[in-house]
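1. Here's my sequence, what's the structure:
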Amino acid sequence: MAELDFDNVNMGILFPEVDERATVQNVTHFLSVVLPKMVRISGQSMSDLKSPSYDGMPKSQPSGNTTESRIVRRLYAEEVVKRTIQAIKHCDKDCQNILDELYLQELSDTMCFMDLGFSESSYFHVWKPKALLQFADCYMLDDLHIFKKSSFDAV
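-> Coordinates of the predicted model:
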């Protein structure tokens, strides 16, 4: 295997500039629409995810048609759920709390910022976007970042 020469690596190529607003929207869609669907397909329930002992193993046996595509879909859904929990656990503590309350406990934004002691303004303008961006950084199954168009793309 070839050695990597980190002295000659261009950070802008490895880590292009993130469009934070678009990434926040993308992560919000993932956590509020895609995740619940993956939880259902995996045979889990949101209450299974709230448990600190969540192990990523299915809680019910597959039923009905056991075709290969159905099995693959279920396995992929289980992996999405597992990686989502891992990503949340890798965020800062305040961000973990926000993501847990909003997307695992399914509390409203109002309940979340009141429970965690944030002002409404700081919650919506600082903390919630920070939590969603951290989640995008930590989620390793798919890249949830939306990148800004660079001047190189126009050439």
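
2. now the helices for the protein?
-> 11-14, 20-29, 35-41, 46-50, 68-89, 93-99, 109-116, 120-122, 128-138 (DSSP state H).

3. Name the stretch among these that sits most buried.
-> Neighbour counts (mean count of other CB atoms under 10 Å) averaged over each of the helices of the chain peak at helix 128-138, with a mean of 21. The way it works is simple: take the backbone N, C-alpha and C, and place the C-beta from them, glycine included.

4. before we move on, the earlier item: reformat the helices of the chain as CSV; add distance to Ala2 and mean pLDDT.
-> CSV is the format used below for the helices of the chain (distance: least, CB to CB, whole Å; pLDDT from 0 to 100):
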stretch, distance to Ala2, mean pLDDT
helix 11-14, 16, 76
helix 20-29, 32, 98
helix 35-41, 37, 95
helix 46-50, 41, 76
helix 68-89, 29, 94
helix 93-99, 36, 98
helix 109-116, 47, 98
helix 120-122, 47, 98
helix 128-138, 27, 99
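
5. Relative to Lys149, which of those is closest?
-> Across the helices of the chain, Lys149 has its closest neighbour in helix 20-29 (10.9 Å, CB to CB).

6. hang on, the earlier thing: with respect to Ile146, which of the helices of the chain lies nearest?
-> helix 20-29 (3.7 Å).

7. Run through who's touching that closest one.
-> Helix 20-29 is contacted from outside by 129, 132-133, 135-136, 144-146, using CB atoms under 8 Å, 6 or more residues apart in numbering.
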